[in-house]
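Asks: below are the sequence and a predicted model; questions follow.
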Amino acid sequence: MITEGLILSAILFVIGTFGVLIRRNAIIMFLCIELQLNAVNVAFVALSRSVGIDGQIFVFFVMTVAAAEAAVGLAIIISIFRHYETVNVDNFNLLKW
Amino acid sequence: MTLDFSRQLHYFWALLPEIVLCSWAMVVLVAGVSGSHAPGRVPDDNGDPTFDGGASLGWLSLAGVLLVALFNGWLYSVHEVDQTGMIAVDGFRLFANWIFLGAAALTILISFSYVRRQRLQAGEFYALILLATSGMMFMAAARDLMVIFLGLEVMSIAVYALTGFNRRDRKSAEAGLKYFLLGAFSTGFFLYGIALTYGATGSTNIALIGAAVAGGGASDGLLTVGVALLLIGFAFKVSAVPFHMWTPDVYEGAPGPVTAFMSAAVKAAAFVAFMRVFLVGFDGVYEAWYPVMWWLAAITMVAANLIALVQSNVKRMLAYSSIAHAGYLLVALTAANQTAAAGLLFYLLVYTVMNMGAFAVVLSVSHQSEERLQIEDYAGFGWAQPLLGVFLTVFLLSLAGFPGTGGFMGKIFLLQGAADSQLWALSIILVLTTVASYWYYLRVAWFMWMKDAGTPGHHDQVEAPFALRVALFASVAIILYLGVFPSGVLSFAQASVAGLGSVGGSLLGVGP
């Protein structure tokens, strides 16, 4: 079970990573980052089967942090939308990306 | 007082500075929306509520920083029973706390007039700086990967908000988004590294990880991937090449005082946690990560210094300079011995002070806003404002590593650490890139003193308010003092890293 869990988490993590690298919409990129964090959650739960209950508790920490990050991140996306009327990162070129 | 972490209450005493700082940030936040600091009733031209300068909030935050410094000093009289608690009470943490608190105090001092000119919400601005500082202190205090992660996020989320703080400025919003996306992206890697390390060693406690790794009780595959992912996560945070692409954009777009804060304190916090994790936790697999770190340091030093040579925007030039300094500090991590660890702490202290000082003058030249940042704008500045000109020259010379300044002594100690681990090639790269860096630092000084200002009165509106001048005098004094009498602080740093635990230096002459 642990191996399957880790493989699932690795697949999810890779999907998230490629999503961030390929997609240009800031909100989709942010969703892919959330996918990465949840992939880590899957890994923590899978590993806690052999290592101990700590792993499942860490999941709550990660979820809390992800929620806090979402609050600030969406606020930043709204603030940039007010300036550019778009959330496509290719249009943000005042600073050389 | 002796702390025994089997009693939960003792974590309260161990975390007293952090707790006081967080509470003080809340006080500042509430004070910022109540009483005379409440947003004005009459909106300004853009329909935003008006804010007064909030200098009193700045002094209030500064008082908080001083109070926390007192508690930090008190922790020196506290001892822990064993070295495996989640929170470390050791010299390494306390020395790092001095750096963070000093950086926070300098940031607050230099942002008074910026906050007024840019009409920022003072209460939220200072509260976020205090919260970010508390996150840094958690990172330095953590002896558990999960606590490092939490501290990292407390710091990062506050700094994301600070980066995009100037809502009226497009550049600030853009920098905020870029920093947020790449920062959160790197957090994913960091966290995955924690998960795999946890799976490989059965613990997230750095001391226990160190024991498991050294004793061969860790499963190899998971551990290798875990270490690699943690390395990527940290490399993003310290902006090592090739994970640096966010740094110049974010540093250029962020509000000036925030850039100063980020380039000094955030980097210092990331390095302190980096050092603890890799020296204590992964010391047993030093041969595995040492070549990667070697190349990271070498590429960072060379690439950042080369790109900095062609920058015409001073803020962007200082951004590349901060990447280059990350490269110098990575040399200390590669050396991974006690001398290098003490050198790293010393260099972080010097770097924080001189970088903050340089940014303070840059803020003055740019009229406390985001204009006049090109190098041509410095023409004739030295003769128009001799005091500020001399100060900036001192900071630039120190950043370049000129003898007689703290920056020079810092580089000497880094080289000493590298020599102890016989990293000769890396030492040579450090020296050569330092020589190359003279060009772009001294170019600014050359514009200041050797060029005529195109139009008379070009620098008339440059002002250095009282608080900023306090920060400048303090920075110059510290830099010159450390440049001439470094031994006191160095031996303090050496005493601080004692017990950090490292055998990396014993693997002499291992080449990548």
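Replies: Looks like it arrived, so ask away. In this text the structure is predicted, and so the values were computed from the model without any measurement.
Asks: so where's the chain shaky on pLDDT?
Replies: As the question left the chain open, I've gone with chain A. For chain A, the stretches with pLDDT under 70 are A:95-97.
Asks: chain B, not that one
Replies: Along chain B, the model assigns pLDDT under 70 to residues B:35-53, B:499, B:501-512.
Asks: list the contacts of B:Tyr378.
Replies: By C-beta atoms under 8 Å, 6 or more residues apart in numbering or on different chains, the contact list for B:Tyr378 reads B:Val314, B:Val365, B:Val444, B:Phe447, B:Met448, B:Lys451. Glycine gets a C-beta too; all of them are placed from N, C-alpha and C.
Asks: neighbour-wise, which of those residues leads?
Replies: With neighbours taken as other C-beta atoms under 10 Å in any protein chain shown, the top of the contacts of B:Tyr378 is B:Val314, carrying 27 neighbours.
Asks: is it true that that one touches B:Ala445?
Replies: No: counting by C-beta atoms under 8 Å, B:Val314 does not reach B:Ala445; the two are 11.7 Å apart.
Asks: what about B:Ala63, neighbour count?
Replies: 12.
Asks: give me the element it is part of.
Replies: Taking DSSP states H and E as the definition, B:Ala63 sits inside helix B:55-74.
Asks: now that helix: buried residues?
Replies: Using 16 or more other C-beta atoms under 10 Å in any protein chain shown as the test for burial, helix B:55-74 gives B:Ala55, B:Leu57, B:Gly58, B:Leu60, B:Ser61, B:Leu62, B:Gly64, B:Val65, B:Val68, B:Ala69, B:Phe71, B:Asn72.
Asks: how close does the second one sit to B:Val115?
Replies: From B:Leu57 across to B:Val115, the span is 9 Å (C-beta to C-beta, to the nearest Å).
Asks: pick out the residue of chain A closest to chain B.
Replies: A:Gln36 (3.4 Å; C-beta to the nearest C-beta).
Asks: okay, now that residue: neighbour count?
Replies: 26.
Asks: sec struct for it, please.
Replies: Here A:Gln36 is helix, with the state taken from DSSP: H, G, I helix; E, B strand; the rest coil.
Asks: I'd say it and A:Leu21 touch.
Replies: No: if you go by C-beta under 8 Å, A:Gln36 and A:Leu21 don't touch, sitting 11.6 Å apart.
Asks: list the buried residues in stretch B:17-26.
Replies: Buried residues in stretch B:17-26 (16+ other C-beta under 10 Å): B:Pro17, B:Glu18, B:Ile19, B:Val20, B:Leu21, B:Cys22, B:Trp24, B:Ala25.
Asks: show only the entries of those found in helices.
Replies: The helices, defined by DSSP state H, take in B:Pro17, B:Glu18, B:Ile19, B:Val20, B:Leu21, B:Cys22, B:Trp24, B:Ala25 from the buried residues of stretch B:17-26.
Asks: what sits against B:Phe282?
Replies: Neighbours of B:Phe282 in contact, by C-beta under 8 Å, 6+ apart: B:Ile209, B:Gly210, B:Val213, B:Val227, B:Trp289.
Asks: show me what contacts the second one?
Replies: Which is B:Gly210. By C-beta under 8 Å, 6+ apart, the contact set of B:Gly210 is B:Val280, B:Gly281, B:Phe282, B:Asp283, B:Gly284, B:Gly501.
Asks: with those residues in mind, which one is nearest to B:Thr339?
Replies: B:Gly501 (14.3 Å; C-beta to C-beta).
Asks: just the element for B:Val350, please.
Replies: Here B:Val350 sits within helix B:338-365, counting by DSSP H and E.
Asks: near chain A, which residues of the stretch 251-400 of chain B? Just list them.
Replies: The stretch 251-400 of chain B comes close to chain A at residues B:Glu252, B:Gly253, as judged by C-beta under 8 Å from any C-beta of the partner chain.
Asks: now with 10 Å?
Replies: B:Tyr251, B:Glu252, B:Gly253, B:Arg316 (C-beta under 10 Å from any C-beta of the partner chain).
Asks: return the closest of the buried residues of helix B:55-74 with respect to chain A.
Replies: B:Ser61 (20.5 Å).
Asks: circling back to that earlier point, and of the residues of the stretch 251-400 of chain B next to chain A, the nearest to A:Ala70?
Replies: Closest approach between those and A:Ala70, by C-beta to C-beta: B:Gly253, at 22.2 Å.
Asks: can you lay out the ones in helices among the buried residues of stretch B:17-26 as CSV showing distance to chain A?
Replies: Listed next are these as CSV, based on distance: C-beta to the nearest C-beta, whole Å:
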residue, distance to chain A
B:Pro17, 22
B:Glu18, 17
B:Ile19, 19
B:Val20, 22
B:Leu21, 18
B:Cys22, 14
B:Trp24, 20
B:Ala25, 15
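Asks: list residues touching both of B:Val314 and B:Ala445?
Replies: B:Tyr378, B:Leu392 (C-beta atoms under 10 Å, 6 or more residues apart in numbering or on different chains).
Asks: OK, contacts around residue 66?
Replies: Because you didn't say which chain, this covers chain A. Here A:Ala66 is in contact with A:33-34, A:36-38, A:40-41, A:73, B:153, B:184, B:187-188, B:191 (C-beta under 10 Å, 6+ apart).
Asks: wrong one, I was asking about chain B
Replies: Residues in contact with B:Leu66 (C-beta under 10 Å, 6+ apart) are B:Leu101, B:Ala105.
Asks: before we move on, back to that, and the contacts of B:Tyr378 as TSV, adding secondary structure?
Replies: TSV is the format used below for the contacts of B:Tyr378 (three-state DSSP):
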residue	secondary structure
B:Val314	helix
B:Val365	helix
B:Val444	helix
B:Phe447	helix
B:Met448	helix
B:Lys451	coil
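Asks: specify which member of the residues you listed is nearest to chain A.
Replies: B:Val314 (15.1 Å).
Asks: quick check: the closest one touching B:Val444?
Replies: Yes: the criterion here is C-beta atoms under 10 Å, and B:Val314 meets it with B:Val444 at 6.5 Å.
Asks: and for the two, which residues touch both?
Replies: Common contact partners of B:Val314 and B:Val444 (C-beta under 10 Å, 6+ apart): B:Ala358, B:Val361, B:Val362, B:Ile375, B:Tyr378, B:Leu392.
Asks: follow-up on the earlier one: after the helix holding B:Ala63 comes which helix or strand?
Replies: Next along from helix B:55-74, by DSSP H and E: strand B:79-80.
Asks: tell me which other helices or strands that following strand touches.
Replies: With contacts taken as 3 or more C-beta pairs under 10 Å, 6 or more residues apart in numbering or on different chains; DSSP states H and E, strand B:79-80 sits against strand B:2-3.
Asks: what's in contact with the strand it packs on?
Replies: If you take C-beta under 10 Å, 6+ apart as the criterion, strand B:2-3 is touched by B:9-14, B:75, B:78-82, B:85, B:87, B:89.
Asks: can you pick out the most distant pair from these?
Replies: Within the contacts of strand B:2-3, B:Phe12 and B:Asp82 form the most distant pair, 18.3 Å apart (C-beta to C-beta).
Asks: might you report the residue contacts of residue 7?
Replies: No chain specified, so I'll use chain A. A:Val42, A:Ala46.
Asks: my question was about chain B
Replies: If a contact means C-beta under 10 Å, 6+ apart, then B:Arg7 has B:Trp13, B:Val81 as its contacts.
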